[in-house]
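Trainee: Let me see the structure of the following:
(chains A and B)
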Amino acid sequence: MPKKLMKGNEALGEAAIVAGAQAYFCYPITPQTEIAEYLAKRMPEVGGVFVQAESELAASQMIFGAAAAGARVFTTSSSPGISLMGEAMSYITAAELPAVFINIMRCGPGLGGILPSQGDYLQAVKGAGHGDYKLLVLAPSTIQEAVDLTIEAFRLADKYRNPVMIIGDGLIGQMMEPVDFESCTKPPRLDCSAWATTGCAGREPHIVKTLFLDPNVLEERNRTLKAKYERMTREEIRFETYCCDPPPDLLFAAYGTTARVVRTAVDHLREEGASVGMFRPISVYPFPDDALRQVAHHPAVRNVLVVEMSMGQMLEDVQSALQGRRPLHFYGRGGGNVPAPEELIDEARKLLGNGHGGKR
Amino acid sequence: MSAPTTIFRRPEALRDAFTHYCPGCTHGIIHRLVAETLDELGLRERTVGIAPVGCSVLCYNYFNCDMQEAAHGRAPALATGVKRVLPDRIVFTYQGDGDLASIGTAEIIHAANRGEKFTTIFVNNAIYGMTGGQMAPTTMPNQVTTTCPRGRDVNTAGWPIPVADVLAQLRTPAYIERVAVHTPRYTVQAKRAIRQAFQYQAENRCYSFVEVLSTCPTNWGKTPNESVQWLEDVMVPYFKLGLKKSPDRPPVD
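Mentor: You can find the predicted model right below:
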């Protein structure tokens, strides 16, 4: 099959179908509603379940019910809706159920606007809901990557019995790009028979719950979850480096759509002879600290510039990774504005000084 | 002399467990009626129950079938998730009045309105039990609770929500009945309603909902006997018992 030109949101919906999603529960919100519209048509065609819920609270708790009944499930939303889903994320993680959440981020806070943003980074990597839990969070920067990572998200959700979140800014959802589904394969399904609530014929009843009043029992579960996150940190780190060999004088750090703008700026600056490169986290939880340090702590790297469509969120993870050993700078746009390559080129020139990577 | 015959036993759908419910509370009776029904209709092994938040959060310690535990008010959303992916299973939610009539109002109305093919057992005791006796949407006018120490003021807190009557207004076909279990006569009627509710589900007919008026001697500050009397004198005249809606009686335009 040749590549197909698809809108990001529709491609995300198709990716979930390819991944074998059996049920999708949703609530309309811009700029991700096309996923729901696409799946309203597609899920019945593949014998799957489509339900438009009364709210994001309900949609995400339907995910709990269906996941605990052993189905491969997912939901999608955008920032204000994800805030409401934070409740279910906490419960689903506590119950160790596999599920996929997709957040097509819009600008905030509050109702904010409907234009692209990366303002939910901290919510995603630190947790939208209450309690001691983490999601595995992946951030695509192209529609093909969004498709591939969505399919991967279903595999990882099963592998860890933990929710996996895809964060894409509004541009990932709204723009069109060629997509190849040919090389995509459905991840094998987890055997849920030891815990799923499907009726207790021929076995003892299964109970899926999150209340543990005995502090020692709950602490043991906290430790189990912690071990899971430590394993993610060992096994699920994903990142890309661009023009980092040899390490550049100025290292950009950016993810998602912003990384594409940075790439253009890097190309332009390199044509001018400047020594610049980019580090792009793909897994943002777990964050690729070691990999970033390996590049950024090279003696050639004199400055690190984080670019985000927010007032500085991934910045905190970069800061923590660099341990104060390199000057860290930030350029952010808000309100739904996407930085232009020229803005980044200007910022870079300030840091590069006269000699494009020489002395300042 | 013939050998003794067992005429009363624990239903298979109930576990052999000590109860955590307070003396005089009627949750235990309602549990038993649900369990008897699952046994009689042969449903236990294909049933998934959903526990709420509230006194009956621990009902999975008593029901001997697969169970999930929901966030506060969200049991109908979980039940929707289960029933949609396992349409041939029997699914029920067991919810109290704080859970269902306050924080879970949206979930119950929309599950009923979608005509989800599961059953809700709604236990209405006019108060929040587990958190220690706060005002519920079902608390009676002038009833004293810890958060309405001068009694429920209907001018600021509104009147008790008669959930069964509210749900019966929806056009979507459903089975909706309000019953009580504070005397044997009422309990027999309640059993018939609960059995009917599960029967409709087993036939994949419609959403089914049974509101059961229940006592809370601990938080009402009454003895079990006084509680039975208060329920009869104060709750029953307001929360009118009986069939509110039936799939066998379609609405007349």
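Trainee: Tell me the buried residues in the helix or strand where A:Thr264 lies?
Mentor: Using DSSP states H and E, A:Thr264 maps to helix A:256-271. Judged by neighbour count (16 or more other CB atoms under 10 Å in any protein chain shown), helix A:256-271 contains these buried residues: A:256-263, A:265-266, A:268-270. Every C-beta, even on glycine, is put in place using the N, C-alpha and C of the backbone.
Trainee: Which residue does the stretch 1-150 of chain B have closest to chain A?
Mentor: Going by CB to the nearest CB, chain A is nearest to B:Gly81 of the stretch 1-150 of chain B, at 2.6 Å.
Trainee: ok but that residue is inside a helix, no?
Mentor: Yes: assessed by DSSP: H, G, I helix; E, B strand; the rest coil, B:Gly81 belongs to a helix.
Trainee: Any residues of chain A in contact with chain B? List them.
Mentor: Residues of chain A lying near chain B by CB under 8 Å from any CB of the partner chain: A:22-23, A:25, A:49, A:51, A:53-55, A:57-59, A:61-71, A:73, A:87-88, A:91, A:197-202, A:205-211.
Trainee: which among those residues end up buried?
Mentor: The buried subset of the residues of chain A next to chain B - by 16+ other CB under 10 Å - is A:22-23, A:25, A:49, A:51, A:53-55, A:57-59, A:61-71, A:73, A:87-88, A:91, A:197-200, A:205-210.
Trainee: Grab the nearest non-local neighbour of the residue of the stretch 1-150 of chain B closest to chain A.
Mentor: A:Gly65 (2.6 Å; CB to CB, 6 or more residues apart in numbering or on different chains).
Trainee: Same question for A:Thr142.
Mentor: Using CB to CB, 6+ apart, the nearest residue to A:Thr142 is A:Glu177, at 6.3 Å.
Trainee: shaky segments in chain B?
Mentor: Residue ranges of chain B with pLDDT under 70: B:1, B:250-253.
Trainee: how about the strands of it, start to end?
Mentor: Under the criterion DSSP state E, strands of chain B are mapped to B:47-51, B:66-69, B:90-96, B:119-124, B:174-180, B:207-213, B:242-245.
Trainee: Can you say which of these is nearest to A:Tyr133?
Mentor: Among the strands of chain B, the nearest to A:Tyr133 by CB to CB is strand B:66-69 (16.5 Å).
Trainee: if you look at the closest one, does any of it touch chain A?
Mentor: Yes: applying CB under 8 Å from any CB, one finds strand B:66-69 touching chain A at B:Asp66, B:Met67, B:Gln68, B:Glu69.
Trainee: for the residue of the stretch 1-150 of chain B closest to chain A, what are its contacts?
Mentor: A:Ala23, A:Phe25, A:Gln61, A:Met62, A:Ile63, A:Phe64, A:Gly65, A:Ala66, A:Ala67, A:Ala68, A:Ala69, A:Val73 (CB atoms under 8 Å, 6 or more residues apart in numbering or on different chains).
Trainee: Please apply the same query to A:Val46.
Mentor: A:Ile17.
Trainee: Check the gap between it and B:Ala157 for me.
Mentor: Distance from A:Val46 to B:Ala157, counting by CB to CB, to the nearest Å: 49 Å.
Trainee: show me the contacts for the residue lying closest to B:Ile121 once chain neighbours are set aside.
Mentor: Excluding its sequence neighbours, the residue lying closest to B:Ile121 (CB to CB, 6+ apart) is B:Tyr94, at 4.9 Å. B:Tyr94 sits next to B:Val34, B:Gly49, B:Ile50, B:Ala51, B:Pro52, B:Ser56, B:Cys59, B:Phe63, B:Ala75, B:Thr120, B:Ile121, B:Val123 when contact means CB under 8 Å, 6+ apart.
Trainee: Tell me, how many residues neighbour the second one?
Mentor: B:Gly49 has 31 neighbouring residues, counting by other CB atoms under 10 Å in any protein chain shown.
Trainee: And B:Arg185, by the same measure?
Mentor: 9.
Trainee: residues in the stretch 1-150 of chain B within reach of chain A, list them.
Mentor: For the stretch 1-150 of chain B, the residues in contact with chain A (CB under 8 Å from any CB) are B:44-48, B:50-51, B:57-58, B:60, B:63-71, B:74, B:76-82, B:84-86, B:89-90, B:106-107, B:109-110, B:114.
Trainee: about what we covered before: take the contacts of B:Gly81 and keep only those in strands.
Mentor: Short answer: the contacts of B:Gly81 in strands (DSSP E) are A:Ala23, A:Phe25, A:Val73.
Trainee: Wait, B:Ser208 touches B:Thr119, no?
Mentor: Yes: if you go by CB atoms under 8 Å, B:Ser208 and B:Thr119 touch, sitting 4.6 Å apart.
Trainee: what touches both of the two?
Mentor: Residues touching both B:Ser208 and B:Thr119 (CB under 8 Å, 6+ apart): B:Ala197, B:Phe198, B:Tyr200, B:Gln201.
Trainee: Please identify which of these is nearest to A:Phe279.
Mentor: Ranked by distance to A:Phe279 (CB to CB), those are led by B:Gln201 at 55.8 Å.
Trainee: check contacts around the closest one.
Mentor: B:Ile90, B:Val91, B:Phe92, B:Lys117, B:Phe118, B:Thr119, B:Ser208.
Trainee: Let me know the closest of those residues to A:Glu145.
Mentor: Set against A:Glu145, the nearest of those by CB to CB is B:Val91 (38.5 Å).
Trainee: Kindly state the beta-bridge partners for the closest one.
Mentor: B:Val48 (DSSP bridges).
Trainee: so how many other residues sit close to it?
Mentor: Residues near B:Val91, counting by other CB under 10 Å: 30.
Trainee: Please name the residues that touch it.
Mentor: B:Thr47, B:Val48, B:Gly49, B:Ile50, B:Ala79, B:Val82, B:Lys83, B:Lys117, B:Phe118, B:Thr119, B:Gln201.
Trainee: next one: A:Phe64
Mentor: So A:Phe64 contacts A:88, A:91-92, A:95, A:97, A:99, B:68, B:70-71, B:74, B:77-78, B:81 (CB under 8 Å, 6+ apart).
Trainee: Repeat the analysis, applying 7 Å as the threshold.
Mentor: Neighbouring residues of A:Phe64 by CB atoms under 7 Å, 6 or more residues apart in numbering or on different chains: A:Ala88, A:Tyr91, A:Ile92, A:Leu97, B:Leu78, B:Gly81.
Trainee: tell me the two of these that are most distant?
Mentor: Of all pairs in these, the most separated under CB to CB is A:Tyr91 and B:Gly81 at 12.1 Å.
Trainee: closest point of the stretch 251-360 of chain A to chain B, which residue?
Mentor: A:Tyr285 (22.9 Å).
Trainee: pretty sure that residue contacts A:Leu138?
Mentor: No: counting by CB atoms under 7 Å, A:Tyr285 does not reach A:Leu138; the two are 8.9 Å apart.
Trainee: CA atoms of stretch A:120-134 as PDB?
Mentor: Extracted in PDB, the C-alpha atoms of stretch A:120-134 (Å, rounded to 0.1, in the frame of the first residue of the first chain):
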ATOM      1  CA  ASP A 120       0.500  20.000  29.500                       C
ATOM      2  CA  TYR A 121       4.000  18.600  29.600                       C
ATOM      3  CA  LEU A 122       4.300  18.700  33.400                       C
ATOM      4  CA  GLN A 123       0.700  17.500  33.800                       C
ATOM      5  CA  ALA A 124       1.600  14.500  31.600                       C
ATOM      6  CA  VAL A 125       5.000  13.600  33.100                       C
ATOM      7  CA  LYS A 126       4.300  14.400  36.700                       C
ATOM      8  CA  GLY A 127       0.700  13.100  36.800                       C
ATOM      9  CA  ALA A 128      -2.700  14.700  36.100                       C
ATOM     10  CA  GLY A 129      -4.300  12.800  39.000                       C
ATOM     11  CA  HIS A 130      -3.700  12.300  42.600                       C
ATOM     12  CA  GLY A 131      -1.300   9.900  44.400                       C
ATOM     13  CA  ASP A 132       2.000   8.300  43.700                       C
ATOM     14  CA  TYR A 133       1.800   7.200  40.100                       C
ATOM     15  CA  LYS A 134       3.400   7.800  36.600                       C
END
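Trainee: Many thanks, we can stop here.
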